[in-house]
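> predicted model and sequence below, questions to follow.
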Amino acid sequence: MYGILWVLVRATARLCFGFRVVGTVPERGGLLVAANHASYFDIPLLGCGMSRRAWYLGRSDLFVPGLKGILQWLGWIPLKLGRLDRKAFDMAVALIKAGKVVVIFPEGGRSLDGHLREAKPGVGMIVAQTGCSVVPAYLKGTFEVLPVGAKRPRFHPVSVSFGEPISFAPPTGNGETKQFYREVSRMVMERIAALGGVASPDHPAPVGARNAE
């Protein structure tokens, strides 16, 4: 079913929105894809922009109970907001360690105006526990298609750009953990902004990151 939906969504996106993909996601190995979030269209369009199946961390209150089971089967990892949801993050960590792709929206929710927001520490927490690379991704045009509060989608060109994987040197001590989370979040948002050619919420350049080989 995932494959059928992938084909249908991609074909519809190309027909209605001129959907195009720039860059690729590595074909093997567990990794984290981190993308901006401005529309409910982000998840399906990001998914059909990758050749690999992916699992998605997303708010637990988005869907009605009957639909939640189907979406979890398709790859949705319900995430409770307002506190650390260890169950959701443990699931994401386990999937990455098993060689799967997990998608996270570092901003923690949709942008109200289409601009990038400061990242939450979740992306750094997953990297610290898995040592995985992070692939930055920028979705362009989805805010114009379906902004917050819109009742119906609009026709507008959309695209997704994938950057080079980023790997991070792990923290060397407990005292550096929180700083590591901040550095990972800052670097990831800087790379996402660069892909889209837009302003980053964090302008100072972080340290401790290198392109994955």
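Received the coordinates, thanks.

> switch to C-alpha atoms for all contacts and neighbour counts from now on
Fine.

> who touches the closest residue to residue 57 other than its chain neighbours in this structure?
Once flanking residues are discounted, residue 57 sits nearest to residue 77: 4.7 Å by Cα to Cα, 6 or more residues apart in numbering. Residue 77 makes contact with 55, 56, 57, 58, 60, 88, 91, 92, according to Cα atoms under 8 Å, 6 or more residues apart in numbering.

> how about 7 Å then?
55, 56, 57, 58, 88 (Cα atoms under 7 Å, 6 or more residues apart in numbering).

> pLDDT below threshold where in the chain?
Counting by pLDDT under 70, the ranges of the chain that qualify are 62-66, 82, 173-175, 202-213.

> quick one, strands of it?
According to DSSP state E, the chain carries its strands in the segments 20-22, 31-35, 54-59, 76-79, 101-104, 133-140, 159-162, 166-168, 209-211.

> quick one, which of those gets closest to residue 121.
With Cα to Cα, the closest approach to residue 121 among the strands of the chain belongs to strand 101-104: 11.2 Å.

> paired strands for that closest one, with orientation please.
Applying DSSP bridges to the sheet, strand 101-104 is found paired with strand 31-35 (parallel), strand 54-59 (parallel).

> can you give the distance from the longest one to the centre of its chain?
Its chain's C-alpha centre and that of strand 54-59 lie 8 Å apart, by Cα atoms, centre = their mean, to the nearest Å.

> any buried residues in it, and which?
54, 55, 56, 57, 58 (16 or more other Cα atoms under 10 Å).

> check stretch 106-118 too.
Judged by neighbour count using 16+ other Cα under 10 Å, the buried positions of stretch 106-118 are 106, 107, 108, 109, 110, 111, 114, 115, 116, 117.

> which residues touch the second one?
Applying Cα under 7 Å, 6+ apart, one finds that residue 107 lies in contact with 117, 118, 119, 120.

> what's the longest helix in this structure?
The residue-count maximum for a helix in the chain (DSSP state H) belongs to helix 177-196.

> next one: that helix to chain centre, how far?
Worked out by Cα atoms, centre = their mean, helix 177-196 lies 13 Å from the chain centre.

> also stretch 105-124?
On Cα atoms, centre = their mean, the centre of stretch 105-124 falls 10 Å from the chain's centre.

> kindly report the same for stretch 2-15.
19 Å.

> for stretch 34-45, same thing?
7 Å.

> that'll do, ta.
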